[in-house]
Each structure stands twice: as C-alpha cells, then as structure tokens.
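A.B. asks: all I have is the shape, not the residue letters:
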DNA sequence: GCAAGGTC
C-alpha cells in the first residue's frame, strides 16, 4: 500500500483556508494553532485522481514580502533622491511577517506537495511566488501546484483540486514591476518634496493636527487622487455663471389643492430677447391644448449585489460616513462573522448560493423580517441580477449571520450592518412597478410637458428606505383635446451653475473609472489626502484642496510635468503592467522604460524646484519665515555686496544685523569668484543706474521660461538652479542679446530693475517701506546663488515676535513696489510687472499658469467655464477670475480684488 | 520619515 502524499495548502487569508478546508473535507477537519498568531492549521484527508492526500491547510496574511531599498539608500539624507531610480532593491520578509514565514517553513519541511490557493488575481499570483520562495528554500524538492477556482463553493473547489495547474509567472512579474515602479517614484518624489519644503515654511498655519513638520508624500495613486479634487475645485472657481430664461406654465385643476408644473420643451434659452418674444406670444394666446396623454408601465429594478466600491459609494451617501470608516466597520463585522468578506469586486452571486436560505435567517427581525419571509416563501423572491463583475475569489458582500444589533456595536456599526442586510434583501426582491403618465400641451405653438408617476408595487423599495422613486404624484386628470388657461404663465430667469463640489461618492466613482487604487485601497487613498493636509472635507462632506494641495498640483503644471498628477497616471502604469501579465512584454523592458521615464521627470522636477517653492510660497500668504538668515544668504540683491558692506553702505537707515536678527549675524561670504561682487555704491546712493550683469543675469535666468532650450548650461525652468553661478548666468545673458526674445527680455529688464524700483520708490538712498506694515525696511537681501529669485526683508514691526522677517519673490516685491520692469518670473509670457501694467493682463501675480500660456494656450474661451474646454485637458487652461473678470488667474490669487 | 498592494 502506497503512503499518502502530504500536501501543504496555502490560502491568502485565514478565513479562506478555513472555508476551503471545510468544503473539501466535507466538514471533517482537525484544527490546531501554529506559531503564526492568525494562521492556524487545518488537517483533513482528501482523495483526488485515485490518490490519497494528507492535507494541511494554512494561510498567509496578504503579501509575505516587501520590496525595499538596500540599506545604504534607506537614510533620507544618505543619498540623493535621484539615486533611488538606480538603487538596488530586494524583496524581504518584514519583521511582522516572520512568524508567518516560520509557519510555512515548518510545514513545508514535511510535505511533498505545495498547493497554492491564493486569490485568483495578479496579486494572488505574486503572493504565490513569495510562498514558493519561502517553502522551496527549506524543501527544494517540493512539487508546486496552483489551484484555480471561481468561487468558494464545493463544485469549483473540487474541480480545482482535481485540475491543478502551474502558477503564472507573467502575472507575478506584472506585480513585481508595479511594486518597483511605485517604490522608486514614491520614495524619490516624497523625499524630494519633503526635504525641499518641510523646513522652509511655517506649517502652523495649516491644519495638520499635531504634526509640526509634514511629510509631503508623493504616490502614483495619491497624486492623481489629489488631481481629481484640485481639478474640480478649479473648475468651480473658473465657472462664469450665464443667465438663461424659460417659460414657466402651471395648471391647477378645479378641486386639486396643488398646481402641476409643466416644463418648456425648449428647456431654456440664453437669448433674452428671443425668450421674451416667445413668452409674449404665449401671453397673447394663453389657452393651452392637451395634445397627448400617454401612460405606460415602468419598472424600477433593485440594486445589484454589493461589491466593495458600491458599498462605499452608497453607504457614504446614505449613511454619511467616510469610506475609510465604512471599511473599518465592515472589517469588524466580517471578523465577527456577521457579514461576508468585505473586499470584493464581485457583484453577482454564483449559482451555488442558496440565497433564499440566507434571507431566511432574517425572518425574525422586527424591521425587515416580514420582507425576508416573503423572499423565503417566494412571493417577493427574484434571483438577483448581476452587475457583470466577478473577481473569482469572493461573493458579493452579504450578511452571514443575523443580528438585531449586538450590545457592543456602535451606532454606525448597526447602521452599516442594517444597510448590508437591506441591500441584500432588496437585491433578492422583485422590481418596483409603477405607471407613468406623460402629458404634452401646446400654447401658441410652444410645447410643454409634464409627467406623473403612480407607484403600484413597491417591492424591493419596501425594504430599502435609502431611496425612493421620486416622481410627481399630483398630475391632474387631463384628456387629449382638453383646453385650459394656466394658473401661472411666467418668464423666469435662471443661471448656469458650476459643477458641484466633489462628494466622497463622486471621488470614489472617479477613482474607480480611472483605475486609481483597488477596492481595498481606494478609501485609504482618500484618507491619506486628508492626513497629509492636501485636501479638506467640509461640513457637507465634500472635498476641497488645501493651499498645499493646490500648490503641489500647480507646481507640476507649471513645470510642464502634468503627467505626474493627471488622473490617468495610474491607468498608464497599469496598461504597461497588463502587457507583462499578458506575456506581451517582459518585466525588464517595462520596468526599464517606466523607471527611465520617471527618472527624467524627476530630474526635470528637481531642476525646476524653484517653481514648487514659488507655488507653495504664493499659496501661503504669510510667506517663508526662516528662523534666521541662512548662512549662505549673504549678499545684497542689488549689488551683490556682502552683508557687512551692505550694512556699512546703508548708512542711517540700517541697523546692526546682529541686533535685528536675534544676534545671529550671518557669516561673511567667501571671496567672490573673479572679484565679481561689487561695492554697494549704486544702491547706497540710489541714483545711479544699476549696471548689473550680476543681477541682470540672474534675472535673465529667472525669466527664462520657454526659451533657450538648447543651452545646456541654462536652466530652462524659469528659475536658476541652486548651482547656477554668476558666471554662467552672465554667459546666458550675453547669448541672449543676440536673439529675439531673450534680447528683448534683457532689454526690458534693463529699463527698470529691482534696484531701480527701490530707488524710484523712495527717491533717495533710503530703503523702501515694508509693503506689509508700511514701516521702514531695515534689511533687504536676495538673489544669492543659494536662494535665487528670493528676497528677504525685515521691518521693525514685531509681528513675528521680534521683527517682521519675510520672504518674497523678487518680482513679487517688484510688483508691490510699483517697479514697472518686473517681468522676471514669467519672462516673456505677457506678465505685466508693476501695478499699472499688471492690471487687466493675463498672467499677473499668482496666475500660476505660465506654462500653458507659454505654449500659446491663452485661449481661455469666451466664458471659460471649463478648464478642459480651454486647453484640452481638465485643468490645462483657465477661465476669467470671478472676482475681477480678468482671465489668467484664479480668484483666490486675484491681484485686482 | 517614503509607495501601493495584500490582510489582521
């Protein structure tokens, strides 16, 4: 007699191991604990294809391994974030999963065969290979097989066991690629953003809870999600309401209490004279004739069985709970055995489910028992329709045990359980039936209509109080050919509305349509937006992006790196991954292509980091408040003089730096290269023109958006990079003279400057006044190599507890000082500097959309109601500011308000 | 301290 074959079976989670064991063994299982806390062992015997198997069934907890960088790349400051695109990565079992690993190893040693019962999707296939790696490590001779099943029902499971196959390497590879892409771009951009911004701003003004220094994370699901919220907000802000007119007719039958309203067949007209004319014709001939009375039976079908996302979308709306809380409560209900597995894409019940028996568990309930009984006895029963989705691993969410509400359940938990039960019972019910009547009338050749609905059988609606059928039940009895005079005949005015603010239901639906996240993670991604302070939720439970959220999206827009946040980012990654899963492309090829592309985007973003700082600074009205002058910031904006020279030259209006700065005098700068720094005479006197390759060249760099892209040493990013030297900037300016745009720009700036503006605004050697407090500026410095384009100034106002110490962009300062030359940040993009020029022009301060403008996409459209209409992508252009009516900036940045 | 995906 041959010995039985010992088989190790592994499922993705303990509940599935238990369920499959129960079914395969015909309820003849022995259970014991293992060294893994949640992953017990189920023992039973099984016969397949004439072989006797000793089965031990255990489980893992989702992924066993995590992808991580090699240790030298783990420290945030230990390497440049850009290195993370080439850094070595490896898969390891994290500490909290090592007991799961040990359990597998112990069982694998004594078995001849390994059967993988992981969920039949890509992630499941990948987890299968993780399990194989661990088991084969201790038992290389293991015979490895995969069980493929469609549902946890006896027929499918026995078939799977008798038809074992090999695991699918393509699917597993696709997941490996996704993991690596996600890790490299997530970690690199998160470190980049966080290290750049974390210490530069006063985050106390933001609603970040107890967090003093935020983590400004980036993720290929996080940013597209943020993008959806920002897009909607910007569409709403850009909406320009348009008036329209419509004819309102109502009729009141003699003994009816309420009048019945008719809708104009033309709905509405945007042309007032035309609407008035038609209205006047009606007024002259107000007798209406009933043209047609039509009646027909209507059915309203019950909802499909609940998938995870449907549960979230509906429950967040009907119960007004965040998706994240819904998932947490559903998980608790599942673990306590009251509902089925809550993470499922399936919205159709497999044939093997005895749904009427499940309904039978609920007949005792005072609230829905009678309806459940009607399903059991067949008078209400109709097999649920399916929505066409099946993840082949889990049934739709349904109650598995009756409860009237346990004592320790919070109110929300009771409401969610009730929702799940009612949804299930509704899905198993007959459709509602009604009779709809439509009446069409004519008045002076204008058509109007109305309809009424009589609900005849409520059926599923009886057990599902979350929605009604609506309709109009006060339709008067009208006959064809009948004539009447209207109770009301009015010309009414309306106005177009912006799109609604984004609700959680809408956001989940949008994420689903763009393939952002999975059923199990969508709620987490939304929660992360809130936790990171990118998005806020208002009292109506709708989302609005924070200043930070808008700045992040705005910055990548201005960098021309829109693919980093547009909603289809995730979908594009998924597309490529799917090619790997199909076997059409290799993992290596897709990985290399993706990593290269994102690496290029990363380098571009790094080069244009000034735009990111600028967007955040502009959104934070208080500006940057550094604890002290950075040691590297040592030169005057005007003349590059050292601070010492500056202080000496500024004469009576200056104060000792140490006194004004809490005693932290900055270090003197290193000796200027080639004697490049000049004395402070120009600014000290304020009368001489500022000859300034020093400043001009910097300004050139600042105004370089969209030009000179063939200059390898010139940043094409609108801001000179930190490493840009005076020398190279000078070179750029010299080259610029020979060209159209660049030369024009250079000349334009030469007409006026930051320095001139200061001089002009004061007309003397004194420093200008602080634009915030009107007080004398004690100190002013900017445009150093380390902080290009920036300007720090102080006045005596004790607003910050000592002295007002503020940060501004040089051209922002220029504009506030009335310096007409300030075109620095936007270069040749039509940005008017100064107060006069700035008004009425596209792209004034804070317009933040120079990238689009620079590509000649300033066609905002007549009404600009949609960003999409202007530039072809949803947030690609802009509309007119709704405060001042001038296009090119958002109302919140309105310079004219 | 970072992603997203499993799951408890």
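C.D. replies: Nice, thanks for sending it over. As the structure is a computational prediction, the values presented were derived from the model and not from experiment. Numbers count the residues shown, from 1 in each chain, chains lettered A, B, ... in the order given.
A.B. asks: contacting residues around residue A:143?
C.D. replies: A:112-114 (Cβ atoms under 8 Å, 6 or more residues apart in numbering). C-beta here means a position set from N, CA and C on the backbone, and glycine is covered the same way.
A.B. asks: let's go with 6 Å and repeat that
C.D. replies: Residue A:143 makes contact with residue A:113 under the criterion Cβ atoms under 6 Å, 6 or more residues apart in numbering.
A.B. asks: residue A:259 now?
C.D. replies: Residues near residue A:259 by Cβ under 6 Å, 6+ apart: A:250, A:252, A:487.
A.B. asks: what helix or strand is residue A:453 on?
C.D. replies: Residue A:453 belongs to strand A:446-457 when assigned by DSSP states H and E.
A.B. asks: partner strands of that strand and their direction?
C.D. replies: strand A:260-264 (antiparallel), strand A:432-443 (antiparallel) (DSSP bridges).
A.B. asks: and the next helix or strand past it?
C.D. replies: Taking DSSP H and E, what comes next after strand A:446-457 is helix A:460-463.
A.B. asks: what is that next one packed up against?
C.D. replies: The contact analysis (3 or more Cβ pairs under 6 Å, 6 or more residues apart in numbering; DSSP states H and E) places helix A:460-463 against helix A:411-427.
A.B. asks: what pLDDT, on average, does the helix it packs on get?
C.D. replies: Per-residue pLDDT values over helix A:411-427 give a mean of 97.
A.B. asks: quick check: buried residues in it?
C.D. replies: A:412-413, A:415-427 (16 or more other Cβ atoms under 10 Å).
A.B. asks: list the buried residues of stretch A:450-467.
C.D. replies: For stretch A:450-467, the buried set under the neighbour-count rule, 16+ other Cβ under 10 Å, comprises A:450-453, A:455, A:458-464.
A.B. asks: would you point out the most distant pair within these?
C.D. replies: Pairwise distances across those (Cβ to Cβ) peak at 30.7 Å, for the pair A:450 and A:463.
A.B. asks: got the residues of the stretch 501-650 of chain A near DNA strand B?
C.D. replies: Selection of the stretch 501-650 of chain A residues close to DNA strand B by Cβ under 7 Å from any atom of the strand yields A:517-521, A:525, A:528, A:570.
A.B. asks: tell me which of those residues is nearest to residue A:16?
C.D. replies: residue A:520 (14.7 Å).
A.B. asks: ok but the closest one is inside a strand, no?
C.D. replies: No. Applying DSSP: H, G, I helix; E, B strand; the rest coil, one finds residue A:520 to be coil, outside a strand.
A.B. asks: out of everything not next to it in sequence, what's closest to it?
C.D. replies: Distances taken as Cβ to Cβ, 6 or more residues apart in numbering place residue A:343 nearest to residue A:520, at 4.4 Å, with adjacent residues excluded.
A.B. asks: could you list the low-pLDDT ranges of chain A?
C.D. replies: Scanning chain A for pLDDT under 70 picks out A:1-2, A:205-211, A:471, A:621-897.
A.B. asks: quick one, domains of it?
C.D. replies: A:5-167, A:175-238+A:501-512+A:519-612, A:243-301+A:432-495, A:308-427, A:625-831 (automatic domain parsing).
A.B. asks: list the contacts for the residue of the stretch 251-400 of chain A found nearest DNA strand B?
C.D. replies: Nearest residue of the stretch 251-400 of chain A to DNA strand B: residue A:343, at 4.6 Å (Cβ to the nearest atom of the strand). By Cβ under 6 Å, 6+ apart, residue A:343 lies in contact with A:308, A:519-520.
A.B. asks: name the SS class of it, please.
C.D. replies: On the three-state scheme (three-state DSSP), residue A:343 is labelled coil.
A.B. asks: ok, now residue A:141?
C.D. replies: Strictly by three-state DSSP, residue A:141 counts as coil.
A.B. asks: list phi and psi for it.
C.D. replies: phi -90, psi 0 (degrees, to the nearest 10).
A.B. asks: residues touching residue A:543, list them.
C.D. replies: Contacts of residue A:543 by Cβ under 6 Å, 6+ apart are A:229, A:502, A:535, A:537.
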